[in-house]
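Output the structure for:
(one chain, ligands or ions: 3)
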Amino acid sequence: MANTTNKKVLEFVQSRVDLCKPDEVVWITGEEAQYEALTKEAISTGEMIELNQKTLPGCLLHRTKPNDVARVEGRTFICSRKEEDCGPTNNWWKPSEAYAKLESILDGAYKGRTMYVIPFSMGPVGGPISKVGIEITDSIYVVLNMRIMTRVGNDVLKALGDSNDFVRGTHAKCDVDPEERYICQFPEDNAIISVNSAYGGNVLLGKKCFALRIASYQGKNEMWMAEHMLILGIEKPNKETVYMCAAFPSACGKTNLAMLIPPEGYRKNGYKVFTVGDDIAWIKKGPDGRLYAINPENGFFGVAPGTNSKSNFNALESTRKNTIFTNVALNPETNEVWWEALEKDAADKKKPAFLIDWTGKDWTPETVDAEGKPVKAAHPNSRFTAPAKNCPCISPEFENGAGVPISAIIFGGRRPSTVPLVYQARSWENGVFIGSIMGSETTAAATGAVGVVRRDPMAMRPFCGYHMGDYFQHWLDMGKSVDVDKQPKFFNVNWFRVDEDGNFIWPGFGDNMRVLDWMLKRIAGEVDAVETPIGFVPKAEDINIEGLDDFSIDTLKGILKVDKDAWNVEADGIKEFYKSFGDKLPKELAKQADDLKARLK
Ligand code: GTP
Ligand code: SPV
Ligand code: MN
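Ligands and ions are numbered 1, 2, ... in the order given. The predicted model follows:
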């Protein structure tokens, strides 16, 4: 039964009933008993596997079809009315044609099934930056995940009242047919339709589809920003907390940085890191003229492989109860989960000798594929869905709907060479330039080749809901709307420089605190820096490497170096990339590219 009299909501839901023809309609209320019943049902049908309830209380495992393990960028469409509003980084589909095709797929898609109506809020319910969505789905997996990732239920409908300001999301699993899989955003209609997938970012419509693709478009029109960014707070020994946002592409270290544990020396001196968000930030100007950020999500959909008590203690802790695991391995003896590098070192005795892999097959450390290559027990993009409140370092400001004031914006990606460990932009405009030229090696978070460097502006290439050239202009406009002394400082980082043998040079993870510390000092005006053609690089002695074994100041100097030849190649690549935006490229950025080239002469 609907717990709302909102005509627009009721109309939308009725339109889905008429189209998808479910046997039954269930409104998700937010009540505990309803979840328990749904969980039981999903366990009884095999959709979910109940894990060891002593060691992993409330935890479930889910396996997707092997053809459905990551976002599908090639099948993701921005269905703006005009093609020129979609831009060269997105796939465009004419709305009338997209609707016709999708409605033919949705026609009767819920026959013999139950339709779930999920009212959800991105951001604290009723908060000044928050927004509401309604997702229709035929998947209990989606319901249970949305319950962790967003705020759901009757409270949301109450907060929405009679307003028409909500996003309409329709999801149908259908046959999980990869040839008929479509993830479509209709920015002008506030609508999302996703069919033939049952995996994470394709179907949890509050996440990438709404909170980035639709929200980025809303933000452009309403003068705020939706970004693929973590938000963290660093409490200094004087108890002041400085907040930073960081945009890294998928599987490039946001969750890890957001939950960082500082090295011992910092902890002793009273530094603490708090997590506000690990994937998405909504940023708006506050009453005092500074920029404030909220995390619109309520949980973490994090990469499992590589997560262990050493690399990310806080993330691992977050997954110890009420968590859904997707495509990890199962230890049938203990009924617990496993993934590659769950042990912090090879000597760890817990490494299992026998598992059920993510596809449901028997697995041992000796298992190889047809070509004789070792088989991974967990899929490289296997994930955990964990409630934010489980996180030991969740920020006390997490539920503050007004957000936290941002002092720094950090960009970064996986670059084996060229890009130094850290550098600072000269200004907001130069910062936007640095974000716009971001490049990174592709990862398993999306289907396609892995390890190829591609341009990924602001880590938003797969997530910007409109023309990337207009998006750059919006960034410039946001900067102009904030007084210079209130603007966050911009930095770029690269944890992923490798040596001749392909090993990472910088220790990374908790030791990234050493780089954040330099940023804190730059923000406070406590250290100067070396001006280079690309921006301000630290003096090596200003990065604290005390307590780092086998890491010399010469090694540090090596990864701080700005190689002019390599950057000349980079600058040419940028100009090439910029050409794809045609006359939508803001002239300020074209000038930034020219200036860089001139400084490199
Ligand atoms: P999405 O959820 O896909 O947006 O990913 P993310 O940006 O949150 O990435 P995450 O923190 O899950 O890290 C992805 C991978 O990068 C993991 O395998 C980590 O082990 C690795 N990683 C994270 N931080 C570092 C680092 O500082 N150095 C190195 N070498 N690897 C890192
Ligand atoms: C990403 O790919 O950036 C993710 C995972 O955070 S997904 O929700 O699948 O998009
Ligand atoms: Mn992400």
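
what's near enough to touch the closest residue to residue 2 other than its chain neighbours?
Spatial nearest neighbour of residue 2, excluding adjacent residues (CB to CB, 6 or more residues apart in numbering): residue 27 at 5.8 Å. Glycine gets a C-beta too; all of them are placed from N, C-alpha and C. Listed by CB atoms under 8 Å, 6 or more residues apart in numbering, the contact set of residue 27 reads 1-3, 116-117, 119.

cool, and residue 151?
Going by CB under 8 Å, 6+ apart, the list of residues near residue 151 reads 120-121, 124-125, 298.

same deal with residue 388?
Contacts of residue 388 (CB under 8 Å, 6+ apart): 275, 295, 297-300, 318, 394, 398.

now with 10 Å?
The contact partners of residue 388, taken as CB atoms under 10 Å, 6 or more residues apart in numbering, are 148-149, 275-278, 295, 297-300, 318, 394-395, 398-399.

which of those are close to ligand 1?
With CB under 6 Å from any ligand atom as the criterion, the contacts of residue 388 include residue 278 near ligand 1.

Would you list the buried entries among the contacts of residue 27?
Burial by neighbour count, judged by 16 or more other CB atoms under 10 Å, picks out 116-117, 119 from the contacts of residue 27.

how about the residues of the protein near ligand 3?
For the chain, the residues in contact with ligand 3 (CB under 5 Å from the ion) are 250, 279.

and the residue of the chain nearest ligand 1?
Closest contact between the chain and ligand 1, by CB to the nearest ligand atom, is at residue 508 (2.5 Å).

Can you name the residues that contact the closest residue to that residue other than its chain neighbours?
Nearest residue to residue 508, sequence neighbours excluded (CB to CB, 6+ apart): residue 495, at 4.5 Å. Contact analysis of residue 495 by CB under 10 Å, 6+ apart lists 248, 252-253, 256-257, 412-415, 421-422, 504-509, 511-512, 515, 559.

what about 7 Å?
253, 506, 508, 512 (CB atoms under 7 Å, 6 or more residues apart in numbering).

for residue 257, same thing?
Residues near residue 257 by CB under 7 Å, 6+ apart: 230, 232, 246, 512.

Kindly identify which of those residues also come near ligand 1.
Near ligand 1, judged by CB under 6 Å from any ligand atom, the entries from the contacts of residue 257 are residue 512.

Which of the contacts of residue 257 lies at the shortest distance from residue 329?
Comparing those against residue 329 with CB to CB places residue 230 closest, at 27.0 Å.

average model confidence for the host helix or strand of the closest one?
Residue 230 belongs to strand 229-235 when assigned by DSSP states H and E. Computed over strand 229-235, the mean pLDDT rounds to 98.

what's in contact with the helix or strand hosting residue 536?
Per DSSP H and E, residue 536 falls inside strand 535-537. Applying CB under 7 Å, 6+ apart, the contact partners of strand 535-537 are 420, 423-426, 430, 434, 529-530, 560, 562.

Which of those are buried, as a ChimeraX select command?
Applying 16+ other CB under 10 Å to those, the buried members can be selected in ChimeraX as follows:
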select :420,423,424,425,426,430,434,529,560,562
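
circling back: list buried residues within the contacts of residue 257.
Neighbour counting by 16+ other CB under 10 Å classes 230, 232, 246, 512 among the contacts of residue 257 as buried.

give me every residue that touches the last one.
Right, residue 512. When contacts are counted by CB under 7 Å, 6+ apart, residue 512 touches 257, 260, 495.

how about CSV for the contacts of strand 535-537, with secondary structure and pLDDT added?
What follows is these, written out as CSV (DSSP: H, G, I helix; E, B strand; the rest coil; pLDDT from 0 to 100):
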residue, secondary structure, pLDDT
420, coil, 98
423, strand, 98
424, strand, 98
425, coil, 98
426, coil, 97
430, helix, 98
434, helix, 98
529, coil, 98
530, strand, 98
560, helix, 98
562, coil, 97
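
picking up where we left off before, among the contacts of residue 151, which are in strands?
Among the contacts of residue 151, the ones falling in strands (DSSP state E) are 120-121.

top of the contacts of residue 151 by neighbour count?
residue 120 (28 neighbours; other CB atoms under 10 Å).

any residues touching the host helix or strand of residue 565, and which ones?
Under the criterion of DSSP H and E, residue 565 resides in helix 564-579. The set of residues external to helix 564-579 that reach it, using CB under 7 Å, 6+ apart, is 417-418, 437, 455, 533-534, 585, 590, 593, 596-597, 600.

Which part of the chain gets nearest to ligand 2, residue-wise?
Residue of the chain nearest ligand 2, by CB to the nearest ligand atom: residue 201 (2.4 Å).

if we can go back for a sec, ok, which pair from the buried ones among the contacts of residue 257 is furthest apart?
Greatest spatial distance in the buried ones among the contacts of residue 257: 230 and 512, 11.8 Å, computed using CB to CB.

residue ranges of the strands in the stretch 251-400 of the chain, please?
Secondary structure of the stretch 251-400 of the chain (DSSP state E, counting those that start in this stretch): strands at 272-277, 281-285, 291-294, 299-303, 324-326, 329-331, 336-338, 355-356, 362-363, 383-387.

Give the pairing partners of the fourth one; include direction for each.
The one in question is strand 299-303. strand 383-387 (antiparallel) (DSSP bridges).

tell me the mean pLDDT over the strand it pairs with?
Averaging pLDDT residue by residue across strand 383-387 gives 98.

Could you check how far the helix holding residue 565 is from the centre of its chain?
With CA atoms, centre = their mean, to the nearest Å as the basis, helix 564-579 stands 27 Å off its chain's centre.

ditto for stretch 332-342
For stretch 332-342, the distance to the chain centre is 25 Å (CA atoms, centre = their mean).

circling back to that earlier point, could I get the buried ones among the contacts of residue 27 as CSV with pLDDT and distance to residue 491?
Output for those, formatted as CSV (pLDDT from 0 to 100; distance: CB to CB, whole Å):
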residue, pLDDT, distance to residue 491
116, 98, 43
117, 98, 43
119, 98, 39
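
Around ligand 2, which positions in the stretch 151-300 of the chain sit nearby?
Counting by CB under 6 Å from any ligand atom, the residues of the stretch 151-300 of the chain near ligand 2 are 200-201, 207-208, 250, 279.

do the stretch 301-450 of the chain as well
Residues of the stretch 301-450 of the chain lying near ligand 2 (CB under 6 Å from any ligand atom): 301, 445.

pretty sure residue 590 belongs to a strand, no?
No. Assigned with DSSP: H, G, I helix; E, B strand; the rest coil, residue 590 falls outside any strand and is helix.

Understood, closing this out.
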